[in-house]
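Visitor: sequence first, predicted model second:
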Amino acid sequence: AQPDMAAGVGNGSSHAPGDSLGAVLKAASGRLALAGIDSAHLDARLLACSVLGWDQARIMAHPEHPLTPAQDQNLEALVARRENREPLAYITGQREFWGLDFAVTADTLVPRPESETLIEAALAVTGGQEGGRDADLSVLDLGTGSGCLLLALLSERPNARGFGVDLSAAALKVASGNAVALGLEDRAEFGQSDWDHGLDGTLGRFDLILANPPYVADDEFTALEPEISRFEPRLALSGGPDGLTSYRSLAPQIGPLLAPGGGAFFETSAAQAGAVSALFDDHGLAVVCVHEDLCGRPRVVEVQQVTDK
């Protein structure tokens, strides 16, 4: 129960004009909690950070701060959007991933902590190669979206260069902007491609391939949280009847794109890891490992091209 929640949730502002920041946040968090948002208090604070330009510590240290009418109005508009279950990242326009700030829009998936498992796995492999952290590496990111996977890896490997592809021109614009913001534009390129009809054969071969393909099965969409099902781009989520459509398209193309001894890393769901592994095995790739995320769930399938074909 939330005894401090204001009545009239969903009918506009639930606090009085001129209320302090603390009172406004109390009312906002109550509205968000009633909307079914588990992180209601945190989300309310983060929305206030966005409006005031403060960090969370300052927000919590000054509950007595009076909001200007403009600030109150702006915060109210953001709270209403979050109350409608729009993802916080789309409202604030950014999301942290691998300790880096990424711009995100409704044209890109919101980067998720579990995807960091893919970066950890790829870094572990490259760290053991000749040259270690400073090795020259070529990286391909399939379905780059915001560019979070490619740019996170490049941030850790100063001599690596990468190419990110995506079907969405709007997503590529976001990824390019993130590369510039992170100072990685000299080592990251982006291009439009549809892997359903074959990747461009002129791309060459890569030491590392990263991908977080769409893997939500058609009948699973109704069970997704509203933030995902109603707001995130279906193009980046829909994996067909069984969630494996993209993996079937990619499996025969990965071998020719991998340099000898190179590795490819594919995010998937726990329930699909076995089927995804079998698909790559059927196309002559060695399944090296299935990496678990922090919750102990199979999350990333690692495959390797052992011989040059």
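Guide: Structure's in. What do you need?

Visitor: run through who's touching the longest strand seen in the chain.
Guide: Secondary structure of the chain per DSSP state E: the longest strand is strand 258-267. Strand 258-267 has contacts (C-beta atoms under 8 Å, 6 or more residues apart in numbering) with 114-115, 117-118, 121-122, 125, 138, 205-213, 215, 247, 250, 254, 276, 280, 285, 288, 299-308. Just so you know, the C-beta spots here come from the backbone N, C-alpha and C atoms, and that holds for glycine as well.

Visitor: in strands, which of the residues you listed appear?
Guide: Those of the contacts of strand 258-267 lying in strands (DSSP E): 138, 206-211, 288, 299-304.

Visitor: and the two most separated of these?
Guide: Farthest pair in the ones in strands among the contacts of strand 258-267 (C-beta to C-beta) is 138 and 299. Separation: 24.3 Å.

Visitor: more neighbours, the two?
Guide: Neighbours per residue (other C-beta atoms under 10 Å) separate residue 138 from residue 299, with residue 299 holding more: 23 against 17.

Visitor: so what's the residue count around the residue nearest to that one when sequence neighbours are not counted?
Guide: With C-beta to C-beta, 6 or more residues apart in numbering as the criterion, residue 299 has its nearest non-adjacent residue at 4.0 Å, and that residue is residue 293. By other C-beta under 10 Å, the residues close to residue 293 number 19.

Visitor: what's near enough to touch residue 293?
Guide: Residue 293 makes contacts with 114, 117, 299, 300, as judged by C-beta under 8 Å, 6+ apart.

Visitor: and with 10 Å instead?
Guide: Contact analysis of residue 293 by C-beta atoms under 10 Å, 6 or more residues apart in numbering lists 112, 113, 114, 115, 116, 117, 118, 120, 267, 270, 299, 300.

Visitor: now it: how far from residue 98?
Guide: Between residue 293 and residue 98 the computed distance is 14 Å (C-beta to C-beta, to the nearest Å).

Visitor: swap in residue 296?
Guide: Distance from residue 296 to residue 98, counting by C-beta to C-beta: 20 Å.

Visitor: how about residue 87?
Guide: As defined by C-beta to C-beta, residue 87 lies at a distance of 19 Å from residue 98.

Visitor: then residue 145?
Guide: From residue 145 across to residue 98, the span is 14 Å (C-beta to C-beta).

Visitor: which one of the two has more residues nearby?
Guide: Neighbour tally, residue 145 and residue 98, criterion other C-beta under 10 Å: the higher count belongs to residue 145, 26 against 19.

Visitor: and the more buried one, what are its phi and psi?
Guide: phi 60, psi -120 (degrees, to the nearest 10).

Visitor: I figured it was touching residue 210, is that so?
Guide: No - the pair residue 145 / residue 210 is not scored as a contact, 11.2 Å apart, by C-beta atoms under 10 Å.
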